[in-house]
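Engineer: this one's sequence-less:
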Ligand code: SF4
């Protein structure tokens, strides 16, 4: 029994060969497809990514197409995936790849790592899966597997632990199948060595080498440093109508959901009278005000608790952009936080 050591390579590869999930990006693992899929998969479940990936590849099939795309196009393709800085970085990196490398992602780990939005995990995934370089790709899944294999109680959130784990995997990477080895670890973390105390050790191809399992600690591992508390913000979201149109506005270019469209909102959980007053101060003449179901949305560092109102205005205020419901659905990137308030529009369709 050894934990992370060269003895895990053969059983993991043979287990991977016997069957793994059929994922759209595994067919034709070109550098571009691996890159887009890995960025989409950060913080997002595989099942949720499938549809996004296929739509993206139909609209933006290569680096040139992404570099030339309008912001509205790639933001719309990303709508609902969250963490919108990721898609902005994809576009910035595509422009850089066209300028510096003629539209082909560089076959070099260091050059990949230097591109916007590409960290050591993504650079490792592209370099190993698409180019066949023996470099590890260590993300949260792989850190969890490593902590259990080694029976190691160091918090996996500690950057030093991550660095050490990368070095240990780098030392055992098989030079003939590095991409498959990295994918076998990802597959093990996603299907067998599951998070939240639920590893399926009896199905595991490296159980005989797993120190966490043999010490009876697999369920307690990995250890994470305590998370910072998430703050709560109360907001009052307004679904503003002028005739059949909906009033939206752009968020500031920095901060949470930077540059995306939103339903207008007021600070605090306001009563109907307080909303009337706040809109009256702005000179917005209201014809109708109805309460909507409240909703909440959780971001990494903040939770929005949202009170909602449906508001009909007599005149469209200049500070809002008015669009049809179908244009809002098809052309504007609206974060999923606002979607619960759009369900009332379904009755109109
Ligand atoms: Fe994970 Fe269990 Fe396999 Fe150890 S034996 S690597 S804890 S699934």
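Structural biologist: Arrived safely. For clarity, every value in this text was computed on a predicted model and none was experimentally measured.
Engineer: Measure how far stretch 50-66 is from the centre of its chain, please.
Structural biologist: Centroid separation between stretch 50-66 and its chain, computed with C-alpha atoms, centre = their mean, to the nearest Å, is 16 Å.
Engineer: Revised request: answer the last question for stretch 204-222.
Structural biologist: Chain-centre distance of stretch 204-222: 29 Å, with C-alpha atoms, centre = their mean.
Engineer: Can you point out the buried residues in it?
Structural biologist: For stretch 204-222, burial by neighbour count (16 or more other C-beta atoms under 10 Å) applies to 204-207, 209-213, 217-218, 221-222. No exception for glycine: its C-beta is placed from N, CA and C like everyone else's.
Engineer: got a list of contacts for stretch 333-343?
Structural biologist: 72, 75-76, 78-80, 82, 84, 237, 239, 248, 257, 260-263, 292-293, 295, 297, 304, 306, 308, 325, 328 (C-beta atoms under 8 Å, 6 or more residues apart in numbering).
Engineer: Please check those and keep the buried ones.
Structural biologist: Neighbour counting by 16+ other C-beta under 10 Å classes 75-76, 78-79, 82, 84, 237, 239, 248, 257, 260-263, 292, 295, 297, 304, 306, 308, 325, 328 among these as buried.
Engineer: Show me the shaky parts of the protein.
Structural biologist: Within the chain, the segments meeting pLDDT under 70 span 1-2, 347-349.
Engineer: Tell me if I'm right that residue 193 and residue 146 touch.
Structural biologist: No. Between residue 193 and residue 146 there is no contact under C-beta atoms under 8 Å: 9.8 Å.
Engineer: Next up, phi/psi of the residue of the stretch 51-200 of the chain found nearest the ligand, please.
Structural biologist: Closest residue of the stretch 51-200 of the chain to the ligand, C-beta to the nearest ligand atom: residue 193 (3.2 Å). Note on residue 193: backbone dihedrals following degrees, to the nearest 10 are phi -90, psi 70.
Engineer: likewise the one 4 residues further on?
Structural biologist: Residue 197 adopts backbone torsions of phi 70, psi 30, taken as degrees, to the nearest 10.
Engineer: list the contacts for residue 139?
Structural biologist: Contacts of residue 139 by C-beta under 8 Å, 6+ apart are 42, 121, 186.
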